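K.L.:
build me a model:
(one chain, ligands or ions: 2)
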Amino acid sequence: MSIIKLHDKYFKSYISENEIQQAVQSLVKQVENDCKGETPIFIGILNGCFMFVADFVREYNGDCEVSFVKLASYQGTESTGKIKQLVGVNEDLEGRTVVILEDIIDTGNTLQEIYKIFENKKLKQLKIATLFFKPDVFKKELPIDYIGISIPDKFIVGYGLDFDGIGRNFASIYQLTTKPTMKNIVLFGPPGAGKGTQADSLKEKYSLKHISTGDVFRFNIKNETELGLLAKSYMDQGDLVPDEVTIDMLKAEVERNSDANGFIFDGFPRTESQAAALDTFLEEKGEAISGMVALEVPEDLLVDRLLERGKTSGRSDDQDESKIRNRFNEYNTKTAILKDYYQAQNKYFGVNGVGSIEDITVRLSEVFDKL
Ligand code: IMP
Ligand code: MG
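P.N.:
Numbers count the residues shown, from 1 in each chain. Ligands and ions are numbered 1, 2, ... in the order given. Model (predicted):
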């Protein structure tokens, strides 16, 4: 889960797929109970209702018919108040039980129009079921028979509902939120790409806090913080430090620097579940990862560079080509997973990492400026 951008607006996750399905099931139960021995006609109000109707009728046990009416009233995030009927009902509805399936009832203008449309059709009964309802804005004295979830007066998208045409395809519901203010960047680069050097100049240039997982670990262990001691207890046993401990340490580091313009995360996340935990954590603060920026450098070039470094630095892991190649393999495997994760959110930015330090800083800055 993460903050998403649709057109020029930001939305945060709000109602999960599971909660929606539970609300749908509860509506179905109530309608089933009231329609025993009948063949109701379910009439969906397009466009927004399509997912709701699909899930509703799939849950419904018993004979039923399904039809649609197409009405439109919204532009952007504001109700225009004027309802247009774009597709009408053709069925003969005399003596029938009609259950209207609405995705959302807001001011009630649409509902009023629905009551008008069915007024002269000599129905046996007209029932209204809505998945979402905004009680604070509903202004009409009109009955609503079944309500799934009541929500505050905030614009939502997903599960059929759109914002200016898009967002209908999400399986869960997102709510309008303020623009995130931080620049939070996950910086990636293979061993030898000069990531540390670049992070140092970029954190100055953009007033960001550089969080290097290695440094955070060493700090916590050295200062014998609760989390440091916990991490150490795993390391002493030769075990990997569990994700939760690492994540908690990073969260603490973010909280300690909550006045920062943003963060450069370095060495974290390393797994998809860490990335998801980071998204959830930032989302709770109304913030998000702005992007994953990865330095891309051909491997052979890096091997030469590292072997060269090994000659003078004496670092044993820089002196053996097969050990170096192993580090790349590990890096590539991890990056590929995270690249997919951030690419799915349109947040992956590869940057050519071949050239002088200054050239690469310029290229990285071009990406940082946009985020
Ligand atoms: P009403 O006529 O004001 O009750 O609005 C009903 C219609 O407005 C719904 O069928 C939706 O198409 C649209 N609508 C109302 N609130 C929202 C929202 O929060 N998100 C997306 N569409 C909405
Ligand atoms: Mg609608």
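K.L.:
now the element after the worst-scoring helix or strand of the chain on mean pLDDT, going C-ward?
P.N.:
When each helix and strand of the chain is scored by mean pLDDT, DSSP states H and E, strand 78-87 comes last, with a mean of 70. Scanning forward in sequence from strand 78-87 by DSSP states H and E, the next helix or strand is strand 97-105.
K.L.:
between the next helix-or-strand element following that following strand and strand 97-105, how big is the angle?
P.N.:
Where DSSP H and E defines the elements, the next helix or strand beyond strand 97-105 is helix 109-119. With axes from the mean of the first three to the mean of the last three CA atoms, to 10 degrees defining the directions, helix 109-119 sits at 170 degrees from strand 97-105.
K.L.:
does any part of helix 109-119 sit near ligand 1?
P.N.:
Yes - Helix 109-119 is in contact with ligand 1 by CB under 6 Å from any ligand atom, via 109-111. To be clear about C-beta, it is placed using only N, CA and C from the backbone, and glycine gets the same treatment.
K.L.:
ok, these vs E321, which is closest?
P.N.:
Of all the residues of helix 109-119 next to ligand 1, E321 sits closest to T110, with 68.8 Å by CB to CB.
K.L.:
give me the neighbour count for that closest one.
P.N.:
22 (other CB atoms under 10 Å).
K.L.:
so who does it touch?
P.N.:
Going by CB atoms under 8 Å, 6 or more residues apart in numbering, T110 touches 45, 71, 73, 83, 102.
K.L.:
confidence-wise, which of those residues comes last?
P.N.:
In this model, the minimum pLDDT among the contacts of T110 belongs to S73 (66).
K.L.:
which residue packs closest to the residue of the chain found nearest ligand 2, ignoring adjacent ones?
P.N.:
Taking CB to the ion, ligand 2 has its nearest neighbour within the chain at G48, 3.8 Å off. Leaving aside its sequence neighbours, G48 sits nearest to D103 (CB to CB, 6 or more residues apart in numbering; 3.8 Å).
K.L.:
now L229
P.N.:
I221 (7.8 Å).
K.L.:
so the one you found sits against K232, correct?
P.N.:
Yes - with contact defined as CB atoms under 8 Å, I221 counts as touching K232 (5.3 Å).
K.L.:
joint contacts of those two?
P.N.:
The contact lists of I221 and K232 share no entry, where a contact means CB under 8 Å, 6+ apart.
K.L.:
backbone phi and psi for L187, please?
P.N.:
Phi and psi for L187, reported as degrees, to the nearest 10, are phi -100, psi 130.
K.L.:
so how far is R363 from it?
P.N.:
To R363, L187 is 13 Å away according to CB to CB, to the nearest Å.
K.L.:
I4 now?
P.N.:
Distance from I4 to R363, by CB to CB: 27 Å.
K.L.:
check K339 too.
P.N.:
18 Å.
K.L.:
please apply the same query to D317.
P.N.:
Taken as CB to CB, the span from D317 to R363 is 28 Å.
K.L.:
more neighbours: which of these two?
P.N.:
R363 (18 against 13).
K.L.:
look at the closest residue to that one other than its chain neighbours and give its secondary structure.
P.N.:
Spatial nearest neighbour of R363, chain neighbours left out: V351 (5.1 Å); criterion: CB to CB, 6+ apart. Under DSSP: H, G, I helix; E, B strand; the rest coil, the three-state class of V351 is strand.
K.L.:
and what of the one 4 residues further on?
P.N.:
Under three-state DSSP, G355 falls in the coil class.
K.L.:
quick one: which helix or strand includes the nearest residue to it once chain neighbours are set aside?
P.N.:
Distance criterion CB to CB, 6+ apart; nearest residue to G355, sequence neighbours excluded, is R363 at 7.8 Å. Using DSSP H and E, R363 sits within helix 357-370.
K.L.:
what residues of that helix count as buried?
P.N.:
Across helix 357-370, burial judged by 16 or more other CB atoms under 10 Å covers 360-361, 363-365, 367-368.
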